[in-house]
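J.: Got a predicted structure here, sequence first:
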Amino acid sequence: MASRFSGALQITDLDDFITPSQECIKPIQIQKSKSKTGAKIKIQEDGAYVELNERGASQKLEKVEITLADCLACSGCITSAESVLVSQQSQEELLRVFEEKKTKEQNGQSEDCKYIVVSLSVQPVLSLAERYDLEPEEAALKLAGYFQQLGADIVLEMTIADDFALIQSAKEFVERYKSAEDGVKNQLPMLASSCPGWVCYAEKTHGNFILPYISVTKSPQQIMGSLVKYHLAESKGLSPEQVYHVTLMPCYDKKLEASREDFYNDLRQTRDVDCVITSIEVEQMLSSQGTSLGELEIGVIEKPFGSYTEQSDKYLLGHHGSGSGGYADFIFHYAAQHLFQEPNAKLEFRNLRNPDFQEAIFEKDGKILLRFAIANGFRNIQNLVQKLKRGKSVYHYVEVMACPSGCLNGGAQIRPQDGSQSRELAQRLEMKYHKLPKSKSEENSAVTNLYKVWLGGEHTDKSIAYLQTQYHEIEKMNTALAIKW
Amino acid sequence: MLIITMGTLELKQILTGHKGRVWNVCWHPKGTSIASCGEDKTIRIWAPEGSKWAMKTILTEGHTRTVREVAWSPCGSHIASASFDATTAIWDKSSSEFECNATLEGHENEVKSVSWSKSGQLLATCSRDKSVWVWEVTDGEYECAAVINAHTQDVKKVRWHPQEDILASASYDDTVKIFKEDLADSDWSCIATLSSHTSTVWSLSFNSTGDRLATCSDDQTVKIWQEYKPGNNAGVPTPNNESVWKCVCTLSGYHTRTIYDIDWCKITGLIATACGDDIIRIFREEDDSDPNQPSFNMVCAADDAHTQDVNSVQWNPAVPGQLASASDDGQVKIWFYSE
């Protein structure tokens, strides 16, 4: 089976074939009771480990548990072993949460119930629309219906988070550009931060050399996490931990992103995103129920953060540019306008070595002022990183995505059904994406309003906490045990 | 009764100098010198001096850990070295001295093998990180053209087809895989998986035309694979319009330990193997052997060729019968095979 993680993660020792117990090098802190010597460990018939003390009394030993968060903090493998994923980030877990809610409601304990929020990102909706031969808008509404039938209290689409991410990234870029002109080091190129596969790879492999260049703006998934847990919850009279937030995403790497410590509230013991579910998993859930998306009733997608613009009566919106969210496109135009007062900059990407490496420039008076690139897939990330290391990078901004063809071809998008190449399918999804009505991020009145009423402005502590994140170098562990001839 | 003409493998010279095990030997494409490498982190270049071979150059400071393999470029002016320090170094001999002019980074950990394509425009590397990388060489710059995550375990060896831009790799996952560039998106993909070995495949070697492949394994066998192209006369079906590789011969019962290396001589057609039982063996195809069911005979077994594991064997690409070997015993040896 092909891995649903991106290639960038596969290279960082992502390992589908060893379970943590076999090769995990992470030292685990175990709550050990004061034991005297002389204890024996017996293995029971069911495989359980039991400790016998000198008095002959037996005590079942606790199993060591490794979470995805442990894996992220370690320089060793990231295991996708089911045992790890199942515990937090799986369809089984999601169904369990829905089931628990139903049981509690039936028992009249509805006040203990989690308020379940499902956020739909655009790429998996397109993947599922293609799979079930539906119009994207219809697919989105039917997905809403599906999650509501399972027990979701509210289903949202993510344009608001996409727009926040674009605007925030563009502002960050303009600031970095100006700082670089003032001689501040390590500002440019700014590298996109919305792809967790790329971020995880950079942290594990290139550490402090690359990390300063990565945009500190959170990905749309995590901005949505902030919005749901720290705005929507409040407006519903709930505290963050009373909300269970599910996102629908195009790749498994997003599960790792949601599991990052940076997005965990220790005080409240809650994550901004509790569970990430992917296109392929929704397909499995539907098929295990013997149904298809087309057969389901449509549901309701709500817009609790305010309506965007007058013309958007549609729920599913795209953006200009790439199907990965259009970062390079938006930031290019924003920068041309805000740095060089050019409101109608022409953006033309041309392919370089391969279709996954594209470049565009903004010229004024014969001078190249902006040089942007889109680098998709691991091989192009490699060349970018190596050029940066040798000081040969010429770019101001690079939209970096770990998957070839970007997020529409995410690792957990549904594979072609007719035997065609995944690249061809990605092209079909891209056509669908470009036909979607477009969100004009800067004109999104809901975003403007939230900056004011929720964040209290642009450079406030709240806006930093809810819209920005940071990255951490992971030091390599070199253990002799890891060497194989 | 079948009469097999046995040959003899005569030891010509022992090359000493490496400290610790020697991992690999590689002939200059003209057969005029040898490069070797090992756990002393050095690359040594040996060439005849009068009637004897002598060490000409020692390349140090290119790597911080064991150098696992060296490969001479087809033009003879570069050496690529693969190291456990996760890098591949490119040494140029534009002037009189070899200089390390490029270090290819990207593999997550130990690089196990490196190979140049026939044109010298492509380089392949593989690693314990399970990936195979293809690098494009343009104007002395090395750019990553592909990162292929096809194997499920440590990849031990990469070798290019002798004529075409087709790549083969051998892995700890017991398979050999064949890769080709997909022109639609200039990405590389696996077009065939050769499964039959029951343990790690350590090495592989194409024959002179590239329609056969010899592989050697920890399962103590050598296997010969035949390529069946679309529309082949033998009537072997070729799904997806890609060649199919079939195992047409298994040589078992000869080797008593892991076979670490294999080399198919492009001139004589002889196959040499390097084995953990310290023996170098030589196999030859029977003259009237059926191409779809070939028979190979062992024509020579040099007992105690080395005092420890033989890690590498390679035929001189220009001088028929001349063979170089490297071993855990710290020695490089030059042999001559004659019938």
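T.: Yes, it's here.
J.: Do a quick rundown of the strands in the stretch 151-300 of chain B.
T.: B:155-160, B:167-171, B:175-182, B:187-195, B:201-206, B:212-217, B:222-228, B:244-251, B:259-264, B:271-275, B:280-285, B:296-302 (DSSP state E, counting those that start in this stretch).
J.: Report whether the first one contacts chain A.
T.: No - no part of strand B:155-160 sits near chain A under the criterion C-beta under 8 Å from any C-beta of the partner chain; the closest distance found is 9.0 Å. No exception for glycine: its C-beta is placed from N, CA and C like everyone else's.
J.: ok so, going back, relative to A:His231, which of the strands of the stretch 151-300 of chain B is closest?
T.: Of all the strands of the stretch 151-300 of chain B, it is strand B:187-195 that lies closest to A:His231, at 42.2 Å by C-beta to C-beta.
J.: Sketch out the low-pLDDT regions of the stretch 151-300 of chain B for me.
T.: In the prediction, the stretch 151-300 of chain B carries no residues with pLDDT under 70.
J.: Flag every residue of it that's near chain A.
T.: Residues of the stretch 151-300 of chain B lying near chain A by C-beta under 8 Å from any C-beta: B:152-154, B:172, B:184-187.
J.: Same list (those) but as JSON lines, adding distance to A:Ile381.
T.: Shown next, in JSON lines, are these (distance: C-beta to C-beta, whole Å):
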{"residue": "B:Thr152", "distance to A:Ile381": "22"}
{"residue": "B:Gln153", "distance to A:Ile381": "23"}
{"residue": "B:Asp154", "distance to A:Ile381": "23"}
{"residue": "B:Tyr172", "distance to A:Ile381": "26"}
{"residue": "B:Ala184", "distance to A:Ile381": "21"}
{"residue": "B:Asp185", "distance to A:Ile381": "16"}
{"residue": "B:Ser186", "distance to A:Ile381": "16"}
{"residue": "B:Asp187", "distance to A:Ile381": "14"}
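J.: List just the nearest of those to chain A.
T.: Each of those was checked against chain A using C-beta to the nearest C-beta; the closest is B:Ser186, at 4.4 Å.
J.: I'd like the distance between the closest one and A:Arg353.
T.: 7 Å (C-beta to C-beta, to the nearest Å).
J.: Which part of the stretch 101-250 of chain A gets nearest to chain B, residue-wise?
T.: Closest point on the stretch 101-250 of chain A to chain B, by C-beta to the nearest C-beta, is A:Thr205, at 6.8 Å.
J.: hang on, that residue packs against B:Glu105?
T.: No - using C-beta atoms under 8 Å, A:Thr205 is not in contact with B:Glu105; the gap is 9.5 Å.
J.: Looking at those two, which is more packed in?
T.: Taking neighbours as other C-beta atoms under 10 Å in any protein chain shown, A:Thr205 and B:Glu105 compare with A:Thr205 leading, 21 against 17.
J.: Quick check, pLDDT for A:Ala161.
T.: pLDDT, the model's per-residue confidence, is 95 for A:Ala161.
J.: Likewise for A:Ala48?
T.: For A:Ala48, pLDDT reads 64.
J.: again with A:Phe173
T.: 97.
J.: do the same with A:Ile381
T.: pLDDT, read off for A:Ile381, is 91.
J.: quick one: the helix or strand containing it to chain centroid distance?
T.: Using DSSP states H and E, A:Ile381 maps to helix A:378-389. Distance, stretch centre to chain centre, for helix A:378-389: 22 Å (C-alpha atoms, centre = their mean, to the nearest Å).
J.: Repeat that for stretch A:295-315.
T.: On C-alpha atoms, centre = their mean, the centre of stretch A:295-315 falls 22 Å from that of its chain.
J.: Over to stretch A:386-406?
T.: 20 Å.
J.: What residues sit buried inside that stretch?
T.: A:386-388, A:393, A:395-406 (16 or more other C-beta atoms under 10 Å in any protein chain shown).
J.: now swap in stretch B:150-166 and tell me
T.: Buried, per 16+ other C-beta under 10 Å, within stretch B:150-166: B:150-162, B:165-166.
J.: what do you get for stretch A:343-351?
T.: So stretch A:343-351, judged by 16+ other C-beta under 10 Å, has buried residues A:345, A:347, A:349.
J.: secondary structure class for the first one?
T.: When states are read from DSSP: H, G, I helix; E, B strand; the rest coil, the local structure at A:Ala345 comes out as coil.
J.: For it, which residues are in contact?
T.: Contact analysis of A:Ala345 by C-beta atoms under 8 Å, 6 or more residues apart in numbering or on different chains lists A:332-333, A:336-337, A:362.
J.: and if you look at the second one?
T.: Applying C-beta under 8 Å, 6+ apart to A:Leu347 gives the contacts A:321, A:329, A:332-333, A:360, A:362.
J.: Up against chain B, what does the stretch 151-300 of chain A have?
T.: A:Thr205.
J.: Could you please name the strands the helix or strand containing B:Trp53 pairs with and the direction of each pair?
T.: In this structure, B:Trp53 sits in strand B:52-59 according to DSSP H and E. The strands that strand B:52-59 pairs with in its sheet are strand B:43-49 (antiparallel) (by DSSP bridges).
J.: which residues touch the partner strand?
T.: B:15, B:17-18, B:32-37, B:53-59, B:62, B:67, B:70, B:79, B:81, B:91, B:98, B:332.
J.: Got a ChimeraX select line for the buried ones in those?
T.: Selecting only the buried entries of those in ChimeraX, with 16+ other C-beta under 10 Å as the criterion:
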select /B:15,17,18,33,34,35,36,37,53,55,57,59,62,67,70,79,81,91,98,332
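J.: Among the contacts of strand B:43-49, which ones are in helices?
T.: If you go by DSSP state H, the contacts of strand B:43-49 have nothing in helices.
J.: The contacts of strand B:43-49 in strands, which ones?
T.: Using DSSP state E, the members of those that fall within strands are B:15, B:34-37, B:53-59, B:67, B:70, B:79, B:81, B:91, B:332.
J.: And the helices in the stretch 351-485 of chain A?
T.: Along the stretch 351-485 of chain A, the segments classed as helices by DSSP state H, counting those that start in this stretch run A:378-389, A:422-435, A:445-453, A:461-467.
J.: Buried residues in the last one, which are they?
T.: Taking 16+ other C-beta under 10 Å as the basis for neighbour counts, the residues of helix A:461-467 that come out buried are A:463, A:466-467.
J.: Next: the third one.
T.: With burial defined by 16+ other C-beta under 10 Å, the residues of helix A:445-453 counted as buried are A:446-447, A:450-451.
J.: Reformat those as a markdown table; add distance to chain B and pLDDT.
T.: As requested, those are arranged in a markdown table below (distance: C-beta to the nearest C-beta, whole Å; pLDDT from 0 to 100):
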| residue | distance to chain B | pLDDT |
| --- | --- | --- |
| A:Ala446 | 38 | 90 |
| A:Val447 | 36 | 92 |
| A:Leu450 | 40 | 93 |
| A:Tyr451 | 41 | 93 |
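J.: quick check, nearest of these to B:Cys75?
T.: A:Val447 (58.9 Å).
J.: check contacts around the closest one.
T.: Taking C-beta under 8 Å, 6+ apart as the test, what A:Val447 contacts is A:160, A:163-164, A:167, A:441.
J.: Please enumerate residues in contact with stretch A:221-234?
T.: A:115, A:117, A:119, A:121, A:154, A:156, A:158, A:160-161, A:164-165, A:168, A:218, A:239-240, A:242-243, A:245, A:247, A:249, A:254, A:257-258, A:263, A:265, A:270-273, A:276, A:304-305, A:450, A:454, A:465-467, A:469.
J.: got the end-to-end distance for that stretch?
T.: 19 Å (C-alpha to C-alpha, to the nearest Å).
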